[in-house]
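Q: Sequence first, predicted model second:
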Amino acid sequence: MPIKIADSLPARAVLEGENIFVMTEHRALSQDIRPLRIGLLNLMPLKIVTETQILRCLSNTPLQIEVDLIQTKSYQSKNTPEDHLLTFYKTFDDIRDQKYDGFIITGAPVENMPFEEVDYWPELCEIMEWTKQHVHSTLHICWGAQAGLYYHYGVPKYALGQKMSGIFRHHVLTPKEPLLRGFDDIFWAPHSRHTEVRAEDIRKDSRLRLLAESNEAGVYIVEAKYGRQIFVLGHSEYDTDTLKLEYERDLARGLDPHVPRHYFRNDDPANEIETTWKAHAHLFYTNWLNYYVYQTTPYKIDKI
């Protein structure tokens, strides 16, 4: 089954070009089935890139999914065309009375700032509080995961001596957990961040479960409230060249970045990229949609 998106969304052409089955709103109206309602709060500056990455991961499922793209009202993106935002994005005011089967809060390039100094922090706190009553399962990504762990559970973040950038080896801690069903014992996933949360802070809170971590990159997947809240501290949705583009951007800015680890063959930027994470990325999103959203959400969405 396809993912349902607006007829004119730019991601449609990209996904169709990759032979991913997408369904336009017009065609979906003829199907007698309730699609899963997913909200995507996109905090990343390049919103078209991020929405396409997330939609690609959500598409690998037999379920019909209806996605609402959401932006903050208190901070206006400077890197996404205004007409795109006006056409495809809603604000929290537009959705605050609605219910969602699933909700995704992305990362954001504000890691080096205290949470309370982020322009849209009060609005994000209101949204995260709202998810507790209006969303069946909420998935938080990278900085969004750090923000969620801090807001809901008081878990602090810590500055890193250098940026954690690369593809890192992880191990599964709870192999029988449905979220990780089908995962190999060892899998690879991208990280791109300047801060971290620490395993000892997760483990001392009985409300949280650490599901996967890396000896090199640290905490990766955390679960709370039997899957009602999930926190992913990396970027499994990244495209093959995303870390390369970030590295070249930082070079151009004169930041002298370290080469992303375990990413280029022999760690040499002159060599090709080794893609080692996409299978598990798609499996993760498929498992989330199936086991934590579709199989447990009320059929009547107003009962959430």
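A: Structure's in. What do you need?
Q: so Ser214 touches Arg169, yeah?
A: Yes: between Ser214 and Arg169 a contact is recorded at 6.1 Å, counting by CB atoms under 8 Å. All C-beta atoms are positioned from the backbone trio N, CA, C, and that covers glycine.
Q: helices and strands around the longest strand seen in the chain, which ones?
A: The longest strand of the chain (DSSP state E) is strand 158-172. Applying 3 or more CB pairs under 8 Å, 6 or more residues apart in numbering; DSSP states H and E, one finds that strand 158-172 contacts strand 186-196, strand 208-214, helix 242-252.
Q: how about a markdown table for the ones you listed, with mean pLDDT added?
A: A markdown table is the format used below for the helices and strands packed on strand 158-172 (pLDDT from 0 to 100):
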| stretch | mean pLDDT |
| --- | --- |
| strand 186-196 | 97 |
| strand 208-214 | 98 |
| helix 242-252 | 96 |
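Q: Please identify which of Ser214 and Arg169 sits among more neighbours.
A: With neighbours defined as other CB atoms under 10 Å, Ser214 and Arg169 compare such that Ser214 has more, 20 against 14.
Q: what sits against that one?
A: Contacts for Ser214 (CB atoms under 8 Å, 6 or more residues apart in numbering) come out as 168-171, 189, 191, 220.
Q: Which PyMOL command selects the buried ones in those residues?
A: Buried members of those, defined by 16 or more other CB atoms under 10 Å, are picked up in PyMOL with:
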select buried, resi 168+170+189+191+220
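Q: And the contacts of Ser214, which is closest to Ser206?
A: Tyr220 (19.9 Å; CB to CB).
Q: returning to what we had before: show me which residues of the longest strand of the chain are buried.
A: For strand 158-172, using 16+ other CB under 10 Å, the buried residues are 163-168, 170, 172.
Q: could the residues you listed be laid out in TSV, adding distance to Pro35 and pLDDT?
A: Formatted as TSV, the buried residues of strand 158-172 follow (distance: CB to CB, whole Å; pLDDT from 0 to 100):
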residue	distance to Pro35	pLDDT
Lys163	38	95
Met164	36	97
Ser165	36	97
Gly166	36	98
Ile167	33	98
Phe168	35	98
His170	32	98
Val172	31	97
